[in-house]
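Asker: next input, structure requested:
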Amino acid sequence: MNLSDLRKQIDELDAELVKLMAKRLEVSDQIGKVKEETNSPVQDLSRESEVLNRVQSLARSLGLDPQDIESLYQEILFISKKQQRFTVAFQGAAGAYSEETALKIFGPNTLALPYEQLDGAFEAVEKGMARFAVVPVENSLEGSISRTYDLLLDSNLMVAAEHELRVSHCLIANPETTLEGVKTIYSHPQALGQCQSFLKHLRAELIPAYDTAGSVKMIKEKHLLDGAAIASERAAVIYNMKVLEREIEDNINNYTRFFVLAKQDSAPSGNDKTSVVFAVKHEAGALYDFIKELASRKINMTKLESRPTRLKPWEYNFYLDIEGHRQDENIKQALAKAEDHVIFMKVLGSYPKMKKRI
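Answerer: Residues are numbered from 1 along each chain as shown. A predicted model of the protein is given here:
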């Protein structure tokens, strides 16, 4: 058999593979519709793990490299998820970091719905206008986004996933504007806070705005030639604006953590986190007694933060992240016993843990 014959066989096999892929995507499309109808979890990592383990095992039995096959199937799973079109609400304008995060999670086929305020993104899911909302919860430099936590306290939505985005800020202006000509800079307060070292040398007036990308859109629409905005490079591309400076954040380790919100949280994946909000009784040792219920069961606490209750001055709610799923027996036992030490407690959701940065 010569080279031409062998290549012909490859061509025939490729044609079969493409046909099979088309059939797989048809089924993925049907799965997406079922998920939409049943409000299924944002991402079924246990199912993905099952698929990857199965194909790796099959690869070994056929003498193939399991890691190569896993890499191939990671791409197939990503393409399959793209086929399942998701409607996702976010706060900000097109080009916002929240929108970028939504597209990274759900794929470029996502229908991303912008809302000027975080309240609108929550409401969109609550009223069925969007299936999910992607909202920022904390930044590695500036800390927690208070409004998100306040809304989580009052909402019936649950945390179904978390995602981390490396935030790299640009100074963006109209094409005619020069760096020397910038007199006013607009952006979200968090973004302004993350770029203080760069900004203090410009001596420009800093004006807080509701959104990073929205600031770019505003200076374009108003044609502000002495104004600039801090946002992502993607926002500059979307609005056809000029990047004056890149990577102006104070610290390259600038990450924002986002929650994906839905009407229900995620099923156990075997590697989960659970977020809880609670208020302890006003008595000595109450917080210690609460935490002791976790420690005695070897439950790792990854975050504990207090926020004013907004009901009485100097009274606080505690926001807690722990490792494990609310359906895990030790978590159920710990939270049940912790009820003895609290005025109220609400589980915000359980979801797969983010992969660690390398």
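Asker: all helices for the chain, in order.
Answerer: For the chain, the helices defined by DSSP state H occupy 3-38, 45-61, 66-83, 97-106, 118-126, 146-154, 189-194, 196-200, 212-221, 233-238, 286-295, 329-338.
Asker: N271 is nearest to which of these?
Answerer: helix 45-61 (7.7 Å; Cβ to Cβ). The way it works is simple: take the backbone N, C-alpha and C, and place the C-beta from them, glycine included.
Asker: tell me which other helices or strands the helix or strand of the chain with the lowest mean pLDDT touches.
Answerer: Ranked by mean pLDDT, DSSP states H and E, the weakest helix or strand in the chain is helix 66-83, scoring a mean of 84. Helix 66-83 is packed against helix 3-38, helix 45-61, with contacts defined by 3 or more Cβ pairs under 8 Å, 6 or more residues apart in numbering; DSSP states H and E.
Asker: run through who's touching that helix.
Answerer: 21, 24-25, 28-29, 32, 43, 48, 51-52, 55-60, 106-109 (Cβ atoms under 8 Å, 6 or more residues apart in numbering).
Asker: deepest of the helices and strands packed on helix 66-83, which one?
Answerer: helix 45-61 (a mean of 14; mean count of other Cβ atoms under 10 Å).
Asker: which residues sit against it?
Answerer: Contacts of helix 45-61 (Cβ under 8 Å, 6+ apart): 65-66, 68-70, 73-74, 77, 266-271, 352.
Asker: pLDDT (mean, whole number) over it?
Answerer: Across helix 45-61, pLDDT averages out at 88.
Asker: just want the angle from that helix to helix 66-83.
Answerer: 140 degrees (axes from the mean of the first three to the mean of the last three Cα atoms, to 10 degrees).
Asker: so how far is helix 45-61 from its chain's centroid?
Answerer: 26 Å (Cα atoms, centre = their mean, to the nearest Å).
Asker: ditto for stretch 224-241
Answerer: Going by Cα atoms, centre = their mean, where stretch 224-241 is centred and where its chain is centred differ by 23 Å.
Asker: ends of that stretch, what's the gap?
Answerer: With Cα to Cα, to the nearest Å as the measure, stretch 224-241 spans 12 Å from end to end.
Asker: buried ones in that stretch?
Answerer: 224-225, 227-232, 234-236, 238-239, 241 (16 or more other Cβ atoms under 10 Å).
Asker: quick one: average pLDDT of that stretch?
Answerer: 95.
Asker: residue ranges with poor pLDDT in the stretch 251-358 of the chain?
Answerer: 356-358 (pLDDT under 70).
Asker: which stretches in it count as strands?
Answerer: Assigned by DSSP state E, counting those that start in this stretch, the strands in the stretch 251-358 of the chain fall at 255-262, 272-280, 301-308, 316-323, 342-352.
Asker: let me know which of the ones you listed is tucked in deepest.
Answerer: Greatest burial across these, using mean count of other Cβ under 10 Å, falls to strand 255-262, with a mean of 24.
Asker: for that one, packing partners?
Answerer: Using 3+ Cβ pairs under 8 Å, 6+ apart, strand 255-262 sits against helix 97-106, helix 118-126, strand 132-139, strand 158-166.
Asker: rerun that using 6 Å as the cut-off
Answerer: Packed against strand 255-262 by the contact rule (3 or more Cβ pairs under 6 Å, 6 or more residues apart in numbering; DSSP states H and E) you find strand 132-139, strand 158-166.
Asker: mind listing which of the buried residues of stretch 224-241 are in strands?
Answerer: Secondary structure from DSSP state E places 227-231 of the buried residues of stretch 224-241 in strands.
Asker: hang on, isn't L294 packed against Q333?
Answerer: No: contact criterion Cβ atoms under 6 Å: L294 and Q333 do not qualify, at 10.4 Å.
Asker: who has more neighbours, these two?
Answerer: L294 (21 against 14; other Cβ atoms under 10 Å).
Asker: which residues does that one contact?
Answerer: L294 makes contact with 301, 334, according to Cβ atoms under 6 Å, 6 or more residues apart in numbering.
Asker: same thing but 10 Å
Answerer: 300-301, 320, 322-324, 330-331, 334-335, 337-338 (Cβ atoms under 10 Å, 6 or more residues apart in numbering).
Asker: ok, I343 next?
Answerer: Counted by Cβ under 10 Å, 6+ apart, I343 has contacts 278-282, 286, 309, 315, 317.
Asker: just the closest of the contacts of helix 45-61 to N139, please.
Answerer: P352 (21.2 Å).
Asker: any idea what that closest one is bridged to?
Answerer: Beta-bridge pairing for P352 (DSSP bridges): D272.
Asker: so it sits right up against N271, yeah?
Answerer: Yes: P352 is within contact range of N271, at 6.3 Å (criterion: Cβ atoms under 10 Å).
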